[in-house]
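**Student:** Sequence first, then the predicted structure, then my questions.
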Amino acid sequence: MATDNIITVKFFARLREELGTDSFSIEANPGLTAADLLQSLAKKGGAWAQLDGAQPVMIAVNQEMTKPDKALHPGDEVAFFPPVTGG
Amino acid sequence: MIDIQQQDFDPAEQYRALRESGSGTGAIATFTGLVRDSGDMQGVTGLFLEHYPGMTEQVIEGLIGKASERWDVRQARVIHRVGYLPLGEQIVFVGVCSAHRGDAFAACEFIMDALKTSAPFWKKEITGEGEHWVEQKASDLDRSQGWS
């Protein structure tokens, strides 16, 4: 996989624990959106199935909150996490 | 000034720094949040705080910017602790100095309310029996949306 054509995927908090991973890389495909990526990851089954919308998932692309229809580009960092609970 | 840190902080030191922000300052409002038992589970002994390094600072920077567009903000300081924090520990500090009290109170409360629903922090409650991730509260969302 060429390093210049990848998207970094990150998970935090409950999702990170339940999925058993905090980060991995995928190959960037033209037209891929954050929602598409969630749908394809949900197909892995088990804990991943919750990414199909059963649980609220927040999305950040390049560390900025975004909507699911956001297109992903090579070099992007996309993060999925539960609603935030700081303060 | 934004600091995300494991170690404790001294509110008096933060207050002193806010006082040095210039001669136009007529009011300083500060807020300190403490670790408490959320009531979701029995026997909570502390919290574990996780965050998204980089994004956290960026989001809080943006909130201070929004507050500055809306109110007179001479200086704002935000500290948020991460890692393991026992009950009663200080967890968050927000301090704002302004020309007048109305702006200082409003900007301080806005930053705190918006931080709770938009800054990427997550709390896990630790009890004698185990641990669980805290769910976002509808009342926090309502407070944050009340500012828009």
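**Tutor:** It's in. Residues are numbered from 1 along each chain as shown, chains lettered A, B, ... in the order given.

**Student:** List, one by one, the residues from chain A near chain B.
**Tutor:** Contacts of chain A with chain B, taken as Cβ under 8 Å from any Cβ of the partner chain, map to A:10, A:12-14, A:16-17, A:60, A:63-65, A:79, A:81-87. C-beta coordinates here come from the backbone N, C-alpha and C atoms, glycine included.

**Student:** how about 7 Å then?
**Tutor:** Within chain A, the positions near chain B by Cβ under 7 Å from any Cβ of the partner chain are A:12-14, A:60, A:63, A:65, A:79, A:81-87.

**Student:** Redo the residues you listed as TSV? Include pLDDT.
**Tutor:** Output for the residues of chain A next to chain B, formatted as TSV (pLDDT from 0 to 100):
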residue	pLDDT
A:Phe12	98
A:Ala13	98
A:Arg14	96
A:Ala60	98
A:Gln63	97
A:Met65	95
A:Ala79	98
A:Phe81	98
A:Pro82	97
A:Pro83	96
A:Val84	97
A:Thr85	96
A:Gly86	95
A:Gly87	93
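
**Student:** Which of the residues you listed sits closest to B:Glu61?
**Tutor:** Using Cβ to Cβ, A:Gln63 comes nearest to B:Glu61 of the residues of chain A next to chain B, at 11.2 Å.

**Student:** which residues does that closest one contact?
**Tutor:** Counting by Cβ atoms under 7 Å, 6 or more residues apart in numbering or on different chains, A:Gln63 touches A:Glu77, B:Gly54, B:Met55, B:Gln58.

**Student:** Quick one: mark the members of those residues that sit in helices.
**Tutor:** B:Met55, B:Gln58 (DSSP state H).
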